[in-house]
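Student: sequence unknown, structure follows:
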């Protein structure tokens, strides 16, 4: 079964993306980028220059892709092989993202690690990183002139993009860990990128490699100057440091979050907890019946409906969802884990039907319109409307009028002697309704 990316997106990824979007000028840069961005350029380049993998072209590598996409719940992207001695893999595009692996990657990595790298790239697609990462690569490459943005103005955005891109790698690493079932292969990939390629003689000591990350973190935390040097050296890097990435993966593998995700994927029929596939804002204003069906399809069964009959707002429509609470909580996020038996209450707006209203007013009927509305309407139309509404005791009295144009129109209506009434006001069926009709003399 597919997994919601909110279950593995790294906390730093979310925070860095929010920080990026809040940098002054970001919206201007995004708008400028979208004006010149053309996804077809990448398609042309790949189709003309690189080798597209498929079931007919190097199927050994292509067939690694579909099972990963199924697990992450994404469409199968195009996969290309690029001639480049540098070991690398990257994902670009937007509506039709694609993955490129280099010949240097196949030379450097053992074959059993290639699916892990492909899963990492698919993780970028699942987390919806691809457009911003493509934009970040172009901006960090120095190709700013095409956007028409002064170089000095782009510096804070470049730094924010680089930081977010580094953080986004942690989320993609977690996607690979989920697809593999543990962090060992992703940690080995990091070690291979650090220098231990498949032609190196000897065995990899992963514990020693991870100790590098521990010592590095201690070195950064014990001296502010070291932290400053790190910032100066790596502030424009788009990828985290290899040892740190491996350490992050193995730490996450030990977390309750990963254990729950793994249990959810492997033992779906016997789980006690489920991740929420929606936030407290997802279902607002949608038809409550669709909302209930979706939540049941996710596996929750303890669902209650709470009806509001008074219209809460001018633009509120009938059957709209007003709120969905989980265990009485009104604020929660997509990806939060909750018990399978959680109480879910869907509050929606639905006014009383005509039948329900009649039951509340036995022996009564609603006035179709107000007293002002009926003034100067033709008397026969008014009589028919009142009979159709259910009223039976209707009388007509003539009022002489010197205006021929008003002849046979309503002068006024009284109900039980009451000359002013509003639309939808309730009266007894046998109320005495007197229609005073204008007569020309």
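Tutor: It's in. As the structure is a prediction and not an experimental result, all values here were calculated from the model. Numbering: from 1, shown residues only.
Student: Mark out where each domain of the chain begins and ends.
Tutor: Domains of the chain are assigned by automatic domain parsing as 5-266, 272-351, 356-440.
Student: For the second one, measure first residue to last.
Tutor: By C-alpha to C-alpha, to the nearest Å, the extent of domain 272-351 from end to end equals 37 Å.
Student: swap in the longest one?
Tutor: Here the two ends of domain 5-266 are set 17 Å apart, with distance taken as C-alpha to C-alpha.
Student: how far out from the middle of the chain is that domain?
Tutor: Domain 5-266 sits 21 Å away from the centroid of its parent chain (C-alpha atoms, centre = their mean, to the nearest Å).
Student: likewise the shortest one?
Tutor: Between the centre of domain 272-351 and the centre of its host chain there is 16 Å, according to C-alpha atoms, centre = their mean.
Student: do you know how far the residue nearest to the spatial centre of the chain is from residue 343?
Tutor: Centroid-nearest residue in the chain: residue 282, 7.4 Å away (criterion: C-alpha atoms, centre = their mean). Look at residue 282 and residue 343: by C-beta to C-beta, to the nearest Å, they are 18 Å apart. For every residue, glycine as well, the C-beta is placed using N, CA and C.
Student: next one: residue 197
Tutor: 54 Å.
Student: coming back round to it: the residue nearest to the centre of the chain touches residue 334, doesn't it?
Tutor: Yes: counting by C-beta atoms under 8 Å, residue 282 does reach residue 334; the two are 7.0 Å apart.
Student: confidence score at residue 213?
Tutor: If you check residue 213, the pLDDT there is 84.
Student: what are the phi and psi angles of it?
Tutor: Backbone geometry at residue 213, expressed as degrees, to the nearest 10, gives phi -70, psi -40.
Student: so how many other residues sit close to it?
Tutor: Residue 213 is flanked by 21 other residues according to other C-beta atoms under 10 Å.
Student: Residue 247 is in contact with that one, correct?
Tutor: Yes: checked against C-beta under 8 Å, the pair residue 213 and residue 247 is within contact range at 3.6 Å.
Student: Could you check how far the residue lying closest to residue 115 once chain neighbours are set aside is from residue 255?
Tutor: When the adjacent residues along the chain are set aside, residue 115 lies closest to residue 64, with 4.4 Å between them (C-beta to C-beta, 6 or more residues apart in numbering). Remark: distance between residue 64 and residue 255 (C-beta to C-beta) = 27 Å.
Student: In terms of packing, which of those two has more residues around it?
Tutor: residue 64 (18 against 10).
Student: and the more buried one, what does it touch?
Tutor: When contacts are counted by C-beta atoms under 8 Å, 6 or more residues apart in numbering, residue 64 touches 114, 115, 118.
Student: By neighbour count, which of these wins?
Tutor: residue 118 (24 neighbours).
Student: Tell me the secondary structure at that one.
Tutor: Secondary structure, DSSP: H, G, I helix; E, B strand; the rest coil: residue 118 is helix.
Student: pretty sure it contacts residue 106?
Tutor: No: counting by C-beta under 8 Å, residue 118 does not reach residue 106; the two are 11.7 Å apart.
Student: Skipping its backbone neighbours, what lies nearest residue 387 in space?
Tutor: residue 394 (6.8 Å).
Student: now swap in residue 88 and tell me
Tutor: Of all residues not flanking residue 88 in the chain, residue 102 sits nearest, at 4.7 Å (C-beta to C-beta, 6+ apart).
Student: a helix runs through residue 369, doesn't it?
Tutor: No: when classified by three-state DSSP, residue 369 is found to be coil rather than part of a helix.
Student: Please report how far the nearest residue to it once chain neighbours are set aside lies from residue 389.
Tutor: Closest residue to residue 369 apart from its sequence neighbours, by C-beta to C-beta, 6+ apart: residue 423 at 5.2 Å. To residue 389, residue 423 is 11 Å away according to C-beta to C-beta.
Student: Touching both of these two, which residues are there?
Tutor: When contacts are counted by C-beta under 8 Å, 6+ apart, residue 423 and residue 389 have 367, 368 as shared neighbours.
Student: May I have the beta-bridge partners of the residue nearest to residue 88?
Tutor: Following DSSP bridges, residue 102 is listed with bridge partners residue 82.
Student: Pull the number of nearby residues for it.
Tutor: By other C-beta under 10 Å, the residues close to residue 102 number 20.
Student: could you list every residue that touches it?
Tutor: Neighbour list for residue 102: 81, 82, 83, 84, 85, 86, 87, 88, 89 [criterion: C-beta under 8 Å, 6+ apart].
Student: what packs against the strand or helix carrying residue 27?
Tutor: Counting by DSSP states H and E, the element that carries residue 27 is helix 26-36. Other elements packing on helix 26-36 under the criterion 3 or more C-beta pairs under 8 Å, 6 or more residues apart in numbering; DSSP states H and E are helix 130-140, helix 151-180.
Student: make it 7 Å
Tutor: On a contact count with 3 or more C-beta pairs under 7 Å, 6 or more residues apart in numbering; DSSP states H and E, helix 26-36 meets helix 151-180.
Student: out of everything not next to it in sequence, what's closest to residue 339?
Tutor: residue 273 (5.8 Å).
Student: And for residue 15?
Tutor: In space, and not counting its chain neighbours, residue 15 is closest to residue 167: 7.6 Å by C-beta to C-beta, 6+ apart.
Student: Pretty sure that neighbour sits against residue 16.
Tutor: Yes: taking C-beta atoms under 7 Å as the definition, residue 167 is a contact partner of residue 16 at 4.2 Å.
Student: Okay, buried residues for stretch 76-86 please.
Tutor: For stretch 76-86, a neighbour-count test (16 or more other C-beta atoms under 10 Å) marks 77, 78, 79, 80, 81, 82 as buried.
Student: First-to-last residue distance for that stretch?
Tutor: One end of stretch 76-86 sits 25 Å from the other (C-alpha to C-alpha).
Student: Residues in contact with that stretch: which ones?
Tutor: For stretch 76-86, contacts defined as C-beta atoms under 7 Å, 6 or more residues apart in numbering pick out 46, 50-53, 58, 62, 65-66, 69, 97-104, 125.
Student: hmm, 8 Å instead?
Tutor: With C-beta under 8 Å, 6+ apart as the test, stretch 76-86 has contacts from 46, 49-54, 58, 61-62, 65-66, 69, 91, 93, 96-104, 106-107, 118, 122, 125.
Student: Now which of the residues you listed would you call buried?
Tutor: Neighbour-count burial (16+ other C-beta under 10 Å) is assigned, among these, to 46, 50, 53, 61-62, 65, 69, 91, 93, 97-104, 106, 118, 122, 125.
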